[in-house]
Every structure is written in C-alpha cells, then in structure tokens.
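>>> no sequence for this one, just the structure:
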Ligand SMILES: *Cc1c(COP(=O)(O)O)cnc(C)c1O
C-alpha cells in the first residue's frame, strides 16, 4: 500500500499541541462528529426535513445563485433536501477524511454516484470513457449500453495511455475488481492518465486497505451499500474527490435528484465507526478460507488479492449452482460487505447483464463463485463450504 499516513504509522505527538494526523481508526469513530460535544449531543442528530424556513428570500436568492454558478454548498441553514442535508453531510465529511480527499458527495446508490460522474463529464462534451474489465456488472452495462451517451473503449491497464483521445473524459478502473479480485497498479495507471481524471472504484478495498487518492486517482467511488454501511440494510453511493469536482457533482445531484436519504446517511456514518474493525476481522477470516480452498481438490482456482480483503473468488470443478444450493449458514445472495457471509454466482447474478463473451474474456468463468466473508467463526464457515462442495460433488 502506498501511503505514509496509516494506522501503523506511529507519529509522535509534539509535547504540546495536537497530533499532526489522527489514525484511520480514530477518524472512523470521530470524523463528521466534531461539533457534537458543543451541541450537547453524543449520537449524531437525524434531520429529516425536506425544506427549511427562511424569512430572508433575498438571502436565499444569493445562496441559490452561488450554488448555480459554481456548486458552492449553501452556508448557514439548508435550503431544500435535494440541495443538501446536514445528516448526509456528516457522512460525507467522514468519508472524505478516511479517503484523504477534500470532499465527498453522497448519492442514493453506487450507480447513482457513477451516473453523476459520467454526467459531469458529458456536460462538457467529454463523452469518451476508457475502462478496464472486469467492472461491477451494472457499471459495465451502464457504459456498454451507452445509456448516458458515453462511448467506451475497453482496454487492459497497459493500454490506457494509447486509448486516450482528445474527448476522453474519464478513465475507470476497479481494484481489486468485482468479481475476479484482479488488482491494478493504481499509481502507474494514474500516471498514464495524464490530465484525464482517473476514477478508482474502491468498494472492495475500502479506505482501510487502500486510499486511491494517495496514488493519484482524482475520483474514488464507493458503493456505500457494501462495506461502508456494512450491515446489508442501507443503499448508498459516494464519490470522494477534490472540492472542484465535488462542486460539479453537487450541481448534477441537485439537477437529477439522486440524493442519499438522511436516514441512510445516519446509518452510513454509524457503519464507518466500525469499518476498520470489521474489514480487518473479515479479512483475516477470508485469508484463512482462501488458503483452505486453495488446498482443496474440489476447487480449481482461488482468487485472493495481494492487498488482502474480505472477498474471495474461487472456481469449482463441479457444478457451481449446486454449491449455491447447498449452503446453510452462508446466505446465497448478491451484494457483499455485510457482517454475515454471502455467496453468489457472478455469471448468473452480479454479472449476468454483461454479454457472456465479454464476461468470459475478462476472467469471469462460468465456474466462478464470489464469497463475501463476514464476521462469523472461520471453522463454522469452512464447515458450511465443505458441506456445500461435497453436495456439488455428489450431484
Ligand atoms: C455494488 C457495486 C456497485 C454499485 O453500487 P449500488 O450501491 O448497488 O448501486 C458499484 N461498484 C462495485 C464494485 C459494486 O460492488
């Protein structure tokens, strides 16, 4: 990991004055909450208002003009729920702190977040996107189907520089990628992008394992639905970036309406507090399961990132549908990043919407299963997997 500010860095605080940096684990529980003690609160308040009273309509006009001109967040009392919400803003502040960016802009889902990024670039005529497969199935589909008028060139990481054109507005990568866990050298790719913004989807690694902005990615995207929320009960998306791009994203969010609900903002902020603990614990279990799977004759191949993480992908020798049918403790379901372990068959579900030949050509084999490891005991999980693999053998 390329970073000089991480948990393991012990920075000696000067004898007086504050420490220069707070470690990630500390930020995770305190960022976005700095004002609470002053408000006399411990838990963050949930503001469900859709609108806000103001007797000063001249002042409102000026604030709306400022937002329309450059996306500056209205200061003072909020105006309207689609323009910004204080509970959501706490989550945005905290996520930006964890990713080491100036800003973060939250959306109703990961796909709403990616849509907003593409619209920002399309709006200035930069419709061409360079992307590396595999990507999350729906991200692939959004680009391939041209739903937003983007034109995509698919390439491998080494081909990015050659694929750039004058109208290229974005380079899009995932590392580790969904679902094969393929890894990309983000620093090298960021270098090859030159002045074209690099968007790194950091959903799988989370800022606990990797902070792409430190490697030169201008945009860091999360499906907050996954690890950030962490409990399978909230849909959300977020883009961590510099304030200039953040302003454009807020303008698009205001105009197109893909806002995060305040209750979701509350749950995501709450999820961040335990993110480092969850990711480390689940990653230790995932690493152990990856070892056991790699040594198992019923398994043809295991994909586990060098970076670590709580996702494991593996190719079975027998029928993958029978493995899915055979689990009892593990939940057979799409999505990932929850406290409980989930398994799914990408070729049938998460990547079904990608054309079969495109899927196969980027390593999403029909025998691949994707496991999102949760917080259960490793031996209980292994017992369940072992049983399901046996069932597939007998089928
Ligand atoms: C799930 C996912 C998305 C899409 O996020 P939603 O919150 O489901 O809209 C994007 N990227 C990756 C890597 C994902 O796993």
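That came through, no problem. Source: prediction; values computed, not measured.
>>> neighbours around the closest residue to residue 360 other than its chain neighbours, how many?
Closest residue in space to residue 360, ignoring its immediate chain neighbours: residue 366 at 7.5 Å, by CB to CB, 6 or more residues apart in numbering. Just so you know, the C-beta spots here come from the backbone N, C-alpha and C atoms, and that holds for glycine as well. Neighbour count of residue 366, defined by other CB atoms under 10 Å: 15.
>>> which positions in the stretch 51-200 of the chain make contact with the ligand?
Listed as neighbours of the ligand in the stretch 51-200 of the chain under the rule CB under 6 Å from any ligand atom: 109, 110, 111, 136, 138, 139, 174, 178.
>>> narrow the residues you listed to those in helices?
Among those, the ones falling in helices (DSSP state H) are 110, 111, 138, 139.
>>> the residue nearest to residue 360 touches residue 351, doesn't it?
No. Taking contacts as CB atoms under 8 Å, residue 366 lies outside contact range of residue 351: 10.6 Å.
>>> on that earlier part again, and the residue nearest to residue 360, helix, strand or coil?
Classification of residue 366 by DSSP: H, G, I helix; E, B strand; the rest coil places it in coil.
>>> longest single helix anywhere in the chain?
helix 262-294.
>>> what about the chain, any weak spots by pLDDT?
Within the chain, the segments meeting pLDDT under 70 span 1-18.
>>> can you name the residue of it nearest the ligand?
When scored by CB to the nearest ligand atom, the chain has residue 110 as its residue closest to the ligand, at 2.2 Å.
>>> show me the contacts for that residue.
Contacts here follow CB atoms under 8 Å, 6 or more residues apart in numbering; on that basis residue 110 touches 136, 203, 221, 222, 223, 224, 225, 226, 236, 237.
>>> then residue 251?
67, 68, 71.
>>> for PyMOL, write a command that selects the buried ones of those.
Here is the PyMOL command that picks out the buried ones among those, judged by 16 or more other CB atoms under 10 Å:
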select buried, resi 67+71
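>>> quick one: the strands in the stretch 51-200 of the chain?
Secondary structure of the stretch 51-200 of the chain, counting by DSSP state E, counting those that start in this stretch: strands at 103-107, 128-132, 151-155, 168-174, 198-201.
>>> for residue 277, find the nearest of those.
strand 103-107 (21.3 Å; CB to CB).
>>> and the contacts of the closest one?
By CB under 8 Å, 6+ apart, strand 103-107 touches 88, 91-93, 95-96, 113, 115-116, 224, 236-243, 245-246, 249-250, 253, 258-260, 265, 268.
>>> now do the phi/psi pair for the residue nearest to the spatial centre of the chain.
Centroid-nearest residue in the chain, with CA atoms, centre = their mean: residue 222, separated by 2.0 Å. Residue 222 has phi and psi values of phi -130, psi 140 when expressed as degrees, to the nearest 10.
>>> for it, which residues are in contact?
95, 110, 113, 201, 202, 203, 206, 228, 237, 238, 239, 240.
>>> next: residue 32.
Here residue 32 is in contact with 44, 89, 90, 91, 92, 93, 94, 97, 269, 272 (CB under 8 Å, 6+ apart).
>>> go again with 10 Å.
For residue 32, the contact set (CB atoms under 10 Å, 6 or more residues apart in numbering) comprises 44, 87, 89-98, 265, 268-269, 272-273.
>>> so what's it closest to, chain neighbours aside?
Closest to residue 32 by CB to CB, 6+ apart is residue 94, at 3.4 Å.
>>> same deal with residue 151?
residue 128 (5.2 Å).
>>> rewinding a little: so the residue nearest to the centre of the chain bridges to which residues?
For residue 222, the beta-bridge partners are residue 238 (DSSP bridges).
>>> where exactly do the strands run in the stretch 251-395 of the chain?
299-303, 311-316, 331-332, 342-344, 368-372.
>>> sorry, back to before: quick check: neighbours shared by residue 366 and residue 351?
Contacts common to residue 366 and residue 351, judged by CB under 10 Å, 6+ apart, are 345, 359.
>>> on that earlier part again, the residue nearest to residue 151 contacts residue 166, correct?
Yes. Judged on CB atoms under 10 Å, residue 128 makes contact with residue 166 at a distance of 8.6 Å.
>>> in which helix or strand does the residue nearest to residue 103 when sequence neighbours are not counted reside?
Spatial nearest neighbour of residue 103, excluding adjacent residues (CB to CB, 6+ apart): residue 246 at 3.4 Å. For residue 246, the host element (DSSP states H and E) is helix 243-256.
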